[in-house]
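[1] Below are the sequence and a predicted model for it; my questions follow.
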Amino acid sequence: MPSFTIKDSKRNSVQPDPHDAAFLTFNNLINNNNLAVNNHVNMAEDNSNRKRRVCIATCNRADYSKLAPIMSAVQKDPELVLSVIVLGCHLIDDYGSTYRLIEQDGFPVDAKLHTIVRGEDEAAMVESVGLALVKLPDVLLRVKPDVLIVHGDRFDALSLSTAAALMNIRIMHVEGGEVSGTIDDSIRHAVSKLAHYHACCTERAQSRLLTMCEDNERILLTGCPSYDKLLSADLNTPDDIIAKWIAPGTKSKEYVIALQHPVTTNIQESLKMFGFMLEALDQLGAMTLILFPNIDAGSKEIIRVMRLKGIEHHPKFKPVKHIPFEEFLILIAHAGCMIGNSSAGVREAGAFGTPVVNLGSRQTGRETGENVLHCRDADTTNKIKHALDIQYQKRFPPSYIYGDGHAVPRIIKFLKSLSLKSVIQKSFVFPPMPDSKSMDIDHILEIQSALAVDLGGTHLRVAIVTNSGKIVYKTSKPTPDGNDEKLRELLNMLQEACCEAVDLNCRILGVGISTGGRVNPRAGIVMHSTKALDGWNEIDLRSPISAKMHLPVWVDNDGNCAALGERKFGCGVNIEDFITIATGTGIGGGIILDNKLIHGNNFCAAELGHIKVSLDGPKCLCGSTGCAEAYSSGAALQREAVKLNEAGELFINGYKNEGNQQISAKHLMEAAEHGNQKAQAVIDLGKVLAVHLIHHSKESNTMTTYLYRCHCITPELDIHPL
């Protein structure tokens, strides 16, 4: 079992082990995501002399624990101005009047809005949303925020985001993209659709936002802000805190924390479950700290069940309305178990390895560590008691699914980089789909076309190809050295081609990119390439090009693209199974089986050029030796031509190098045409090896191969269909 925590010699704080696999995984995701922040940095230059007014709205004790670290960082930053709106449960005595904690923490409260309509039923929730919508416009007009930060999935957040969106105020949503399992999901996703920017906690949450058609450049993978405080919490002296909230003399791991909220879509079932939980805890006999539920519909009934069962006077139960977050963290870290359906059991408890029994459906969609035992159908006391017996006082390794303790600095950097002059209207990034039929005369007359890109080691080529396969425009430029330069040059060439498309009456429907190396076409990423495209590794081509061109983008290996081209327009038409071999700077290929392109598990299904044909052959660009590509590719033929030239054996039999051109494979071909036997021998060897590749492919792929076609440097190397 790897070590998951480091114990500080001065403080018994929970800190991520830098060698822990889970921690490293989260950091790798964060490092990749930081590219999105860097893309915004230059956009803020036009606003560098203006302080950003960041308004943070907090509705209850739970969201304040996530927002307080952000509020503190905004307040301390000289380039930002903090405004705070307090509403919802913060202002209700029955829920602890927690607005006082905000004032004690030294945050300026610009407005306190009484927005809760009491009743704790479905109608009261709707009326509370409406009341907040009535009161918020005046406050937002007075505060005039540049950005409003809202958190989570409460109905108060829905009111805030609706008001801000209609008033053209930029919204950042914290913890969007997550799934829990109740009406909270609908509210959370609705807020995400209204929000302009997203600070999400996990990779899955980020992926869900992308599938919801949110713009990748506006999604920031930060981790949970509460982890910034959680992972630096001082856990060294819990006895005073335990005595304060549980009972004097209670030791670490000798108590349970219970927190059960109503499930608004099935209130009666959640009340039964709550009663079963209280009975199971009574049978367990451990001291239990039980927190009051939130103010959702059904909370009044839950409190009534507590009172009917005498929980407020039971010697083993300690009911409380609110606990300061720092002290709550200490209690979670030293609890023998947590039980209920609160997200704290899924998120915060996981970082301490505290065992959790999660009841019902309210959190079943959340990502959890191994410390969580689900009891989805908690329909009997015995079932819940059995789950408690399994989990109570058990220990688990911490998990860092929800963060690494550095969420707030990432959010602050993102806020400071935003351009306040950019268009506030958000746009959605929809997946490729067939165009709807249009009766517009321009669309009828336009030729449906695509932009085709050949990204090779020596040249960048861009063409406009019609739906009939006709190339109506093409351009070529030398491939720049650096990755950024390659991408910049490619974008310029694509934009030039789009301008040409207008003159050619072509309607561009998408961009297809063919490139060397191992490509993940589903993600649009070049995973690895050979020295022909040195450094062309882990390159996301789809996202920046799609964002710039506002077109769907497909990316694949050049050999696979050649196979698709043959299937659509060439010798592969009406043939179900064939292999295409593509030669250029290197040698690639594509496999069509049952009319489908085969990529293979590692996207290397047709890397035929790197089949070893000699144990002591010349070095290949892949780093190995004796590969077929080292003999038969364009680079190999150029190498042999240079050798013949240096030996004075290339330009013979009347063949001359007109204009002292740089020696290339073309000169080897032309020398063979002039009767140069040594040049012809090199070419013949390439043909033999190409035939060897065909037979090797036929034997290693259990299919009947009807067609082999070679896209070669010159017609002299054509291997005709077999």
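    Received the coordinates, thanks.

[2] what is the mean pLDDT for stretch 582-592?
    For stretch 582-592, mean pLDDT is 77.

[3] wait, is N358 part of a helix?
    No - applying DSSP: H, G, I helix; E, B strand; the rest coil, one finds N358 to be strand, outside a helix.

[4] Number of residues surrounding it?
    By the criterion of other CB atoms under 10 Å, N358 has 26 neighbours. Placement of C-beta: from N, CA and C, glycine included.

[5] thinking it is in contact with V372, fair?
    Yes - at 5.4 Å, N358 and V372 qualify as touching, with contact defined as CB atoms under 8 Å.

[6] what residues are shared contacts of these two?
    Residues touching both N358 and V372 by CB atoms under 8 Å, 6 or more residues apart in numbering: G345, V346.

[7] Just list the residues touching D215, thanks.
    Contacts of D215 by CB under 8 Å, 6+ apart are K426, S427, F428, V429, A547.

[8] Next: P409.
    Contacts of P409 (CB under 8 Å, 6+ apart): A73.

[9] Quick check: nearest residue in space to G600, chain neighbours excluded?
    Excluding its sequence neighbours, the residue lying closest to G600 (CB to CB, 6 or more residues apart in numbering) is A606, at 7.9 Å.

[10] my guess is C561 contacts G589, does it?
    No - judged on CB under 8 Å, C561 makes no contact with G589 at a distance of 11.0 Å.

[11] which two from the contacts of D215 end up farthest apart in space?
    Greatest spatial distance among the contacts of D215 (CB to CB): K426 and A547, at 13.5 Å.

[12] hmm, back to that, relative to L235, which of the contacts of D215 is nearest.
    Nearest to L235 among the contacts of D215, with distances taken as CB to CB, is K426, at 41.7 Å.

[13] Pull the number of nearby residues for the closest one.
    Quick note: K426 (other CB under 10 Å) scores 16 neighbours.

[14] measure the closest residue to it other than its chain neighbours to E214 for me?
    The shortest distance from K426 to any non-neighbouring residue, by CB to CB, 6+ apart, is to H196 (5.1 Å). For H196, the distance to E214 (CB to CB, to the nearest Å) stands at 10 Å.

[15] quick one, which of those two is more surrounded?
    The neighbour comparison of H196 against E214 (other CB under 10 Å) goes to E214, with 26 against 22.

[16] Tell me which helix or strand the more buried one sits in.
    Assigned by DSSP states H and E, E214 belongs to no helix or strand.

[17] Model confidence at the closest residue in space to it that isn't next to it in sequence, what's the number?
    Spatial nearest neighbour of E214, excluding adjacent residues (CB to CB, 6+ apart): H198 at 6.4 Å. Predicted confidence (pLDDT) for H198: 96.

[18] Wait, a helix at H198?
    No - assignment of H198 by three-state DSSP gives strand, placing it outside any helix.

[19] My guess is it contacts H173. True?
    Yes - taking contacts as CB under 8 Å, H198 lies within contact range of H173: 5.4 Å.

[20] Now do the shared contacts for the two.
    Jointly contacting H198 and H173 under the rule CB under 8 Å, 6+ apart are S192.

[21] hang on, the earlier thing: so who does the residue nearest to K426 touch?
    Contacts here follow CB under 8 Å, 6+ apart; on that basis H196 touches R170, I171, M172, R218, I424, K426.

[22] For those residues, name the two members farthest from one another.
    Greatest spatial distance in the contacts of H196: M172 and I424, 13.0 Å, computed using CB to CB.

[23] which one of these two has more residues nearby?
    Taking other CB under 10 Å, M172 and I424 do not tie; M172 has more neighbours (24 against 12).

[24] Quick check: chain neighbours aside, which residue is closest to that one?
    Y197 (4.3 Å).

[25] try S343
    Nearest non-adjacent residue to S343, counting by CB to CB, 6+ apart: Q363, 6.2 Å away.

[26] Wait, the one you found touches A344, no?
    No - taking contacts as CB under 8 Å, Q363 lies outside contact range of A344: 9.9 Å.

[27] and the two? which has more neighbours close in?
    Q363 (27 against 23).

[28] For the more buried one, what are phi and psi?
    According to degrees, to the nearest 10, the main-chain angles of Q363 amount to phi -120, psi 10.

[29] now M212
    Backbone torsions of M212, given as degrees, to the nearest 10, read phi -80, psi 10.

[30] do the same with V256
    Note on V256: backbone dihedrals following degrees, to the nearest 10 are phi -120, psi 140.

[31] all helices for the stretch 1-150 of the chain, in order.
    Ranges of helices within the stretch 1-150 of the chain are 21-41, 61-76, 99-104, 122-143, based on DSSP state H, counting those that start in this stretch.
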